[in-house]
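>>> Structure for this input, please:
(2 chains)
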Amino acid sequence: MRNSALTFGLIVCVLLVGSLTGAGAAELVKYTVKDGAIAQSLTGKKGNPAKGRKAAIHRKKGNCLACHKMPVPEQLFHGNVGPDLAKVGERYSEGELRLRLVNSKAINEDTTMPAFYRTAGLHRVMKQWKGKTILSASEVEDIVAYLVTLR
Amino acid sequence: MTYKSAAAYVVGGLVALGMLASASAPMAEGYENMVGDKKSGYHYSTPATQSIQDDDFNNPSFLWVDQGEQLWSKVDGKAGKSCATCHDAAAKSMKGVGATYPKIDAKSGKLINIEQRINSCRKNNMQAKPWKWESNQLLGMTAFVKLQSRGMPVNVSIDGAAKPYYEKGKNFYNQRRGMLDMSCSGCHVENAGKMVRADLLSNGFSNGFPTYRLKWQKLGSLHRRFRGCNKNIRAQPYKAGSDEYTALELFVTHRSNGLKVESPSVRR
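Now for the predicted structure:
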């Protein structure tokens, strides 16, 4: 985990260079991974947990219910590919949750969970999604702020 | 749903043990399609969906099958022939054929699936225009030909010239793709039996195709399903009938070997 700060720095550099040539691809915010966490907010601000809850449920955004049971009783049919997120705010720090959302493959490279803030290393992404991230930096922060409240 | 389908397994198990077996029992009661640890997608369907498949009079696929049956003896093309001119009664000539495709075509040396086989007969043996992929004619004829193998075990070969296609299909199956960065095996092997939202993940076998999907309100090909499974993870799909999907079909169908042909099945 300790050397991953370096590795991620490098990957982010490549991404930034890559995105200059990409057609209209948004630049990724640079971040540092240390001790299995991203301590700094991607936007420099605290996210909005109410908006985060909505973005987590939204099928075209987080769509977290596809794989997770969550304390969202108004929605039917929660998936069970991943663990129940009910008390996830007790299990992990804010920074650990942020890394899981940004790129859970940095923690377990075999995980089924998509990296929500990454564009590198993907194969045959549909044209309209090329160079884009599933969630924007501020949506990541909103969802992190929401997950922290799950206690 | 899981509880009910568990009950169906128990019933199936009892039938297998000969405890409930009765020749007059309706198909629904004891219908079972498993070998070893392979379970047909049928067993992942809800009892309501299963019951539509169980009865050919309820199964909407048979609208297409009927069309296929009519086309079988309809003269078409410059050669003035129908399928029946050369193949006679499908019940005899096509029995078991559908269970062995995709297969290497002796003439071209290429891997072809049953749709491509049918269209090659239209083109080369009838001098008729090939049917469009996903057209009612091609779906109907495919379903009609496959129906002649219903109940027989899927039995595709991956020997000899088929081997490289199999390897290609296997690579496709295991490669992560799309914005969600997932592979076929990520869902249909590693997470089979789990729920993705309201969908119970099956092993993604091909023994029921073409299938009537309630979502499509139509009979659909295996390659249409491949496209859907690619698009759901925001991966650029291939064309139906492409070499990539035919190789993938060989891999998926070889995984299904031993399961009974269920075509034309009904799925959600």
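>>> which bits of chain B sit near chain A?
B:175-182, B:186-187, B:190-191, B:194-198, B:231, B:234-236 (Cβ under 8 Å from any Cβ of the partner chain). All C-beta spots, glycine's among them, are computed from the backbone N, C-alpha and C.
>>> What subset of those is buried?
The neighbour count (16 or more other Cβ atoms under 10 Å in any protein chain shown) marks B:176-182, B:186-187, B:191, B:194-196, B:234-236 as buried among those.
>>> Out of these, which comes closest to B:Lys260?
Taking Cβ to Cβ as the measure, B:Cys187 is the one of those closest to B:Lys260, at 23.2 Å.
>>> What helix or strand is the closest one located in?
helix B:184-188 (DSSP states H and E).
>>> what mean pLDDT does that helix have?
The average pLDDT for helix B:184-188 rounds to 98.
>>> Quick one: list the elements packing against it.
On a contact count with 3 or more Cβ pairs under 8 Å, 6 or more residues apart in numbering or on different chains; DSSP states H and E, helix B:184-188 meets helix B:163-174.
>>> list the buried ones in the helix it packs on?
B:165-166, B:168-170, B:172-173.
>>> List of residues touching it?
When contacts are defined by Cβ atoms under 8 Å, 6 or more residues apart in numbering or on different chains, helix B:163-174 is touched by residues B:102, B:111, B:158, B:183-185, B:244, B:246-252, B:254.
>>> Excluding sequence neighbours, find me the nearest residue to the residue nearest the centre of chain B.
Against the mean C-alpha coordinate of chain B, by Cα atoms, centre = their mean, the closest residue is B:Phe209 at 2.2 Å. With Cβ to Cβ, 6 or more residues apart in numbering or on different chains as the criterion, B:Phe209 has its nearest non-adjacent residue at 4.2 Å, and that residue is B:Leu222.
>>> how many other residues sit next to B:Asp159?
8 (other Cβ atoms under 10 Å in any protein chain shown).
>>> before we move on, the earlier item: among the buried ones among the residues of chain B next to chain A, name the ones in strands.
B:195-196 (DSSP state E).
>>> Tell me where the model's unsure across chain A.
A:1-26 (pLDDT under 70).
>>> Could you pull out the helices in it for me?
A:4-21, A:49-57, A:88-91, A:94-103, A:137-148 (DSSP state H).
>>> how far is the third one from where the chain is centred?
What that stands for is helix A:88-91. Taking Cα atoms, centre = their mean, to the nearest Å, the mean C-alpha location of helix A:88-91 is offset from the chain mean by 16 Å.
>>> Show me which residues of it are buried.
In helix A:88-91, counting by 16+ other Cβ under 10 Å, buried: A:88-89.
>>> So what touches that helix?
A:97, A:147-151.
>>> cool, and the second one?
Contact with helix A:49-57 is made by A:61-65, A:70, A:72, A:75, A:135, A:139, A:141-149, as judged by Cβ under 8 Å, 6+ apart.
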